[in-house]
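Just the structure for this:
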Amino acid sequence: MTIETAQLIRLYIVFVPLLFIAGFFCIINTRNLIRTLLGLEILTKAVTLMLAFAGYLTGRTALSQALIITLIVIEVVVIAVAAGIVLNIFKHYKSLDARNLRTLKG
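So this is what the prediction gives:
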């Protein structure tokens with residue numbers, strides 16, 4: 001193992017969990033629906049980096065690239081649908097506070 005590889009491993013071991021924790025904290029801690037979507041985006045980017053790193057370590061980069069592309073496609077669809085739902089919630093309630101969703105009936 002070269003020095004550059006060891007430094008890369010240390011960087012990923014520190015950065016990816018911090019990114020994952022930041023995304024999870026953003027989802028859990030906020031009541032704003034846009035910030036929740038941003039937290040979800042950060043969380044999926046951390047998962048994408050973990051997949052790339054795992055593919056690099058195991059030498060199965062083709063498999064990791066396929067999984068990453070699939071994850072990106074699913075992520076775009078989920079964020080687009082969630083953003084549409086958030087826009088409709090804003091039109092109905094004139095607020096992005098998630099506590100207003102408790103008053104929904106039906």
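
use CA for all of it now, contacts and neighbours both
Fine.

Please report the distance of residue 37 from residue 30.
The spacing between residue 37 and residue 30, counted by Cα to Cα, to the nearest Å, is 10 Å.

Of these two, which one has the most company?
Ranked by neighbour count (other Cα atoms under 10 Å), residue 37 and residue 30 place residue 37 first, with 20 against 14.

Please report the distance of the more buried one from residue 43.
Plainly put, residue 37 is 10 Å away from residue 43 if you go by Cα to Cα.

and what of residue 94?
27 Å.

again with residue 73
15 Å.

higher neighbour count, those two?
residue 43 (22 against 11).

how about residue 67, what does it touch?
Applying Cα atoms under 8 Å, 6 or more residues apart in numbering to residue 67 gives the contacts residue 51.

Figure out the helix or strand that it lives in.
Using DSSP states H and E, residue 67 falls within helix 61-93.

moving C-terminal of the least confident helix or strand in the chain by mean pLDDT, what's the next helix or strand?
Using mean pLDDT, DSSP states H and E, helix 3-29 stands out as the lowest-scoring helix or strand of the chain, at a mean of 93. Next helix or strand after helix 3-29 toward the C-terminus (DSSP H and E): helix 33-58.

Distance check, the residue lying closest to residue 53 once chain neighbours are set aside against residue 60.
Of all residues not flanking residue 53 in the chain, residue 12 sits nearest, at 7.4 Å (Cα to Cα, 6 or more residues apart in numbering). For residue 12, the distance to residue 60 equals 17 Å [Cα to Cα].

So between those two, which is more surrounded?
Neighbour count, other Cα under 10 Å: between residue 12 and residue 60, residue 12 has more, with 15 against 12.

separation between the more buried one and residue 40?
20 Å.

Excluding chain neighbours, what is closest to residue 93?
residue 100 (7.5 Å).

For that neighbour, report the pLDDT, please.
Looking at residue 100, its pLDDT stands at 83.

What about it, how many residues nearby?
Residue 100 has 13 nearby residues by other Cα under 10 Å.
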